[in-house]
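Peer 1: My questions concern the predicted model and sequence given below.
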Amino acid sequence: MMRYRNYIFLFFIFSFEPIFAQNKPIDSILVLIESDKSDLIKAAHFNELAWQYLMLGDADSTVVFSNKALVILNGSPESEKSANMVRTYSNLGMANADKGNFSSSLSYFFKALKISEEMGNKQLVADNLSNVGNVYGNLGEFDKSLEYFLKAMKISESFDNKSKMASTLGNIGILYDSKNDPAKALEYYFKALEIHKALNNKDGISSNLGNIGLSYNNLGEKEKAITYYLQALIITKEIGDKRGMAIWQGNIGELYSGMMADASVSEKKNLGKQAESYLLNALEIDTTLGFLHHLENTYHNLSELYSQMQEYKKSLNYYQLYTSAKDSIFNDEKNKEITRKEMSYEFEKKEAALKAEQEKKEAVAEADKKRQLIFFWLISLIAIAIAVIAVIVFRSLRITRQQKQIIEIQKQLVEEKQSEVLDSIHYAKRIQQSLLPTGKYIDKNINRLKGKNL
């Protein structure tokens, strides 16, 4: 049976896609670092160098060169929210995960995620959401891991990035396989495989073919498992993926060795030869690469194989090599576990602080929302009051205007009546004056009458 440790290795490394990958040889990158004068360009070269060491399994060197890039970028304000800074944090996240420092790994990936979101770069956001999901998967936190994978999937779908969608589907498949649900895992692997084939992405095709083999192996379907392992192996040879070649050959050799128990004598001999061939090929690559985790597994499988083949001297030799490698890894893992425990408290404090800060932000946002709502209703009430007052004033002015018009009309009527009365009086007076004798006429007649009497 394939060991869980190797399975986790596949889960993390193959799921990560490098940003700005150049695939330059290390020596040529070192030359560029010496010759290029621009600090920002040097930072990019340090990041590429860190990535190349990461692909070689040298996490310590990755940390060293990533930190050199970080020093340059921190001294350049315009680089604080750049894709180069995102890559630096992503490399540090990967290296710390490889070293078992998952709390530090999460911290770096969250920094990379924050900058990616501030940049509005959906691709980088999806990458780092997926990487956060990977770390939680390694920590065994299935729900959190799935949550971040689904977020990455949603964003990848929003800008139709098929490659990211396929990588995320593969990650979800691995997540289900790690929960001992290989049947569910297969659903996601086949979906991912279909997309990778459409894109002719051979890295993706080989990793998903191999993971399909792992799931069939976990389901006990050995023949199907070997079929998919062989398909994955062919592609890894085409693209020169040494680690993939070691893993899939080791898996095939282990399967053939396991099938010997129920085989006939003639079948057992044939299976033994095939198992030996694949395991020795894997051993050669493991040794060349210094692939210690897989090397331990290969030693163990060779020891068991030679025991079944009754070649006990070889079996004992590989068992001793296995225990030596195991002890070396155990000590390394023990140191990592001590480091994890030491950092666990700090990580939990940071997580609690982040949660408290987030809750504070949400409370402030809620208070702002309430204030805005109160302000809105206050403005609305003032506007309504102004509208009501305006209506009242308008009606009052209209009534006043109407009353004024009535008064003007009445005044005009009175003036007209008054004029008519005055005209009548004047007319009567004229008539009266015309009928009555004047004073002179009366005086004249009186004098005349007085004269007669005398």
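Peer 2: That came through fine. Numbering: from 1, shown residues only.

Peer 1: Now for this structure, the helix or strand with the poorest mean pLDDT.
Peer 2: helix 4-13 (a mean of 38; mean pLDDT, DSSP states H and E).

Peer 1: Tell me the gap between the helix or strand following it and the middle of its chain.
Peer 2: Using DSSP states H and E, the helix or strand that follows helix 4-13 in sequence is helix 26-35. Relative to its parent chain, helix 26-35 has a centroid offset of 33 Å by C-alpha atoms, centre = their mean, to the nearest Å.

Peer 1: next one: stretch 292-305
Peer 2: Counting by C-alpha atoms, centre = their mean, stretch 292-305 comes out at 39 Å from the chain centroid.

Peer 1: repeat for stretch 217-229
Peer 2: On C-alpha atoms, centre = their mean, the centre of stretch 217-229 falls 35 Å from that of its chain.

Peer 1: same deal with stretch 184-191?
Peer 2: 23 Å.

Peer 1: That stretch - what's its average pLDDT?
Peer 2: Averaging pLDDT along stretch 184-191 yields 96.

Peer 1: which residues are contacting it?
Peer 2: Surrounding stretch 184-191, the residues in contact under the criterion C-beta atoms under 8 Å, 6 or more residues apart in numbering are 166, 169-170, 172-177, 208, 211-212, 215-216. Heads up, the C-betas are built off the backbone N, CA and C, glycines and all.

Peer 1: Phi and psi next, for Gln310.
Peer 2: phi 60, psi 30 (degrees, to the nearest 10).

Peer 1: what's the spacing between it and Lys269?
Peer 2: 11 Å (C-beta to C-beta, to the nearest Å).

Peer 1: likewise Ser324?
Peer 2: Ser324 is 30 Å from Lys269, by C-beta to C-beta.

Peer 1: and the helix or strand where Asp143 lies, what other elements does it pack with?
Peer 2: Secondary structure from DSSP H and E places Asp143 in helix 142-158. If contacts are counted by 3 or more C-beta pairs under 8 Å, 6 or more residues apart in numbering; DSSP states H and E, helix 142-158 sits against helix 122-138, helix 162-178.

Peer 1: center of this structure - which residue?
Peer 2: Val125 (4.1 Å; C-alpha atoms, centre = their mean).

Peer 1: Glu118 is in contact with that one, correct?
Peer 2: No - contact between Val125 and Glu118 fails when scored by C-beta atoms under 8 Å: they sit 9.9 Å apart.

Peer 1: Okay, buried residues for the helix or strand Tyr189 falls within please.
Peer 2: Assigned by DSSP H and E, Tyr189 belongs to helix 182-199. Neighbour counts over helix 182-199 (16 or more other C-beta atoms under 10 Å) mark Pro182, Lys184, Ala185, Leu186, Tyr188, Tyr189, Lys191, Ala192, Leu193, Ile195, His196 as buried.

Peer 1: Good, we can wrap up now.
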